[in-house]
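Engineer: Need the 3D shape of this:
(one chain, ligands or ions: 1)
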Amino acid sequence: MSLATRGMKVGILTAGGDCPGINAAIRGVGKTAIIEYGMKVIGISSGFRGLIEKEYIELDETQLSGMLTLGGTILGTSRDKPFKNDPVTGENMSKIIKKNYKEIGLDALVVIGGNGTQKTAAKLAAEGLNIIGLPKTIDNDVYGTDVTFGFDTAVSIATEAIDRLHSTANSHKRIMVIELMGHNAGWLTLYSGVAGGGDVILIPEIPYDMDIVARYLEKRSKNKKPYSIVVVAEGIAKPKGTSAASFVAQSIKEKTGLETRETILGYVQRGGSPTPMDRILATRYGAHAVELIAEGKFGLMVCKDGETITSVPLDQVGGKLKLVPPDHSIVKKSRKMGICFGDKKI
Ligand code: F6P
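Structural biologist: Coordinates of the predicted model:
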């Protein structure tokens, strides 16, 4: 155990939407900090809200046991954005956060979150706090990393749901439309769509035409394909006030007359125990965050680059989104197998 790091106080908070693997990351940070470096670990409640209201507890090794497999976050989360003025007091909460960071006596703060959270983390780092970001989200859209934890689990859950639609679709000879999460990015829809054998995959990054989708489904039906699976991301272009699934299902019914049903998978995608891959990724991210802190390196987001766990400067990732390139190799290969992305006649 290094003497230089002994007694250092490392805060940890989780902000934004939850996802599977957060607790594995908290455990990775906590155990590495305590066992390897003799640091103290301060768990901050409900995202940045806990720093504003000074709600925190010291986490010891015992409290970090038994949480590897748990979904959600033991710390709680919130979508508070400290750099926006408080609607009631008009105050900029980042000042309070900086004051409380000092009063609690933190030497570093690990911030687990998605895009919005990494943007806040970058701003706090620019203002002099010792911040390390950890990227998490089922959407896999955090810029600067190959992958976020939570994604693998969500792909698994969504794929299982699509698998289950096949048998009921086949029994009734129907078109099944399933909507998956992803407001901006189609990673989850693309991966689960391909893994689940979707026939049509619609993602926000590839503009689609419902006439093309309808003609494609009609052709399948005429070619004695008894049913079709249409996987859509919630964030595809659609009229206001309707879900992606309802809009697409309704359009298919109107344009083809084929019997069509819709499913919105919703928050199930974010819940429950992480897959082994997410447990490993989150653990590696957590441990690496502490290694950086021990080396006195801050203002960084832990990331995966190929097989390497490394880091990128927070100011290079904050505020940016990692979207599916429309010419991504999975898209290209899928097209060659006849999958319709709604943009080209097949
Ligand atoms: O976690 C990411 C995400 O699931 C998005 O796909 C979704 O649009 C969003 O969070 C919704 O979350 P909430 O209702 O918690 O704001």
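Engineer: Quick one: mean pLDDT for stretch 57-69?
Structural biologist: On average, the pLDDT along stretch 57-69 is 97.
Engineer: let me fix that: stretch 185-201
Structural biologist: On average, stretch 185-201 scores 98.
Engineer: Any part of the longest helix that the chain contains near the ligand?
Structural biologist: In the chain, with assignment by DSSP state H, the single longest helix is helix 151-172. No. Shown here: helix 151-172 not in contact with the ligand (C-beta under 6 Å from any ligand atom), separated by at least 8.3 Å. Any C-beta I mention is one placed from the backbone N, CA and C, and that applies to glycine too.
Engineer: other SSEs contacting that helix?
Structural biologist: strand 175-180, helix 187-195, strand 228-233, helix 276-294 (3 or more C-beta pairs under 8 Å, 6 or more residues apart in numbering; DSSP states H and E).
Engineer: got the CA positions of the longest one in CSV?
Structural biologist: Right, the one you point to is helix 276-294. Provided in CSV are the C-alpha atoms of helix 276-294 (Å, rounded to 0.1, in the frame of the first residue of the first chain):
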residue,chain,number,x,y,z
PRO,A,276,-20.6,-10.8,-17.1
MET,A,277,-19.1,-8.5,-19.8
ASP,A,278,-20.6,-5.4,-18.2
ARG,A,279,-19.5,-6.5,-14.7
ILE,A,280,-15.9,-6.9,-16.0
LEU,A,281,-16.0,-3.6,-18.0
ALA,A,282,-17.4,-1.6,-15.0
THR,A,283,-14.9,-3.2,-12.6
ARG,A,284,-11.9,-2.4,-15.0
TYR,A,285,-13.2,1.2,-15.4
GLY,A,286,-13.6,1.6,-11.6
ALA,A,287,-10.1,0.2,-10.9
HIS,A,288,-8.5,2.4,-13.6
ALA,A,289,-10.2,5.5,-12.2
VAL,A,290,-8.4,5.0,-8.9
GLU,A,291,-5.1,4.2,-10.6
LEU,A,292,-5.3,7.6,-12.3
ILE,A,293,-6.1,9.3,-9.0
ALA,A,294,-3.1,7.6,-7.3
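Engineer: Out of the helices and strands packed on helix 151-172, which gets nearest to the ligand?
Structural biologist: Closest to the ligand of the helices and strands packed on helix 151-172, according to C-beta to the nearest ligand atom: helix 187-195, at 7.4 Å.
Engineer: ok, and does the closest one reach over to the ligand?
Structural biologist: No. In terms of C-beta under 6 Å from any ligand atom, no part of helix 187-195 sits within range of the ligand; the closest distance is 7.4 Å.
Engineer: Give me the contact list for the helix or strand just after that helix.
Structural biologist: With elements assigned by DSSP states H and E, the helix or strand that comes after helix 187-195 is strand 200-202. Under the criterion C-beta atoms under 8 Å, 6 or more residues apart in numbering, residues 186, 189-190, 193-194, 208, 213, 216-217, 228-233, 236, 244, 248, 334, 339-342 lie in contact with strand 200-202.
Engineer: what's the closest non-adjacent residue to residue 116?
Structural biologist: Counting by C-beta to C-beta, 6 or more residues apart in numbering, residue 116 lies nearest to residue 16, which is 5.8 Å off, once chain neighbours are set aside.
Engineer: So what's the predicted local confidence for the residue positioned nearest the centre of the chain?
Structural biologist: The centroid of the chain falls nearest to residue 137 when counting by C-alpha atoms, centre = their mean (1.4 Å). Predicted confidence (pLDDT) for residue 137: 98.
Engineer: One more: residue 1?
Structural biologist: 61.
Engineer: One more: the one 10 residues further on?
Structural biologist: Looking at residue 11, its pLDDT is 98.
Engineer: Residue 81 too?
Structural biologist: Here, the pLDDT recorded for residue 81 equals 85.
Engineer: same question, the one 3 residues further on
Structural biologist: Predicted confidence (pLDDT) at residue 84: the value is 81.
Engineer: Tell me both backbone torsions, phi and psi, for it.
Structural biologist: Phi and psi for residue 84, reported as degrees, to the nearest 10, are phi -90, psi 140.
Engineer: can you count the residues close to it?
Structural biologist: Residue 84: 11 surrounding residues under other C-beta atoms under 10 Å.
Engineer: again with the one 10 residues further on
Structural biologist: Neighbour count of residue 94, defined by other C-beta under 10 Å: 21.
Engineer: ok now do it, which residues does it touch?
Structural biologist: Shown in contact with residue 94 (C-beta under 8 Å, 6+ apart): 82, 83, 123, 124, 127.
Engineer: Filter those down to the ones in strands?
Structural biologist: Counting by DSSP state E, none of the members of the contacts of residue 94 fall within strands.
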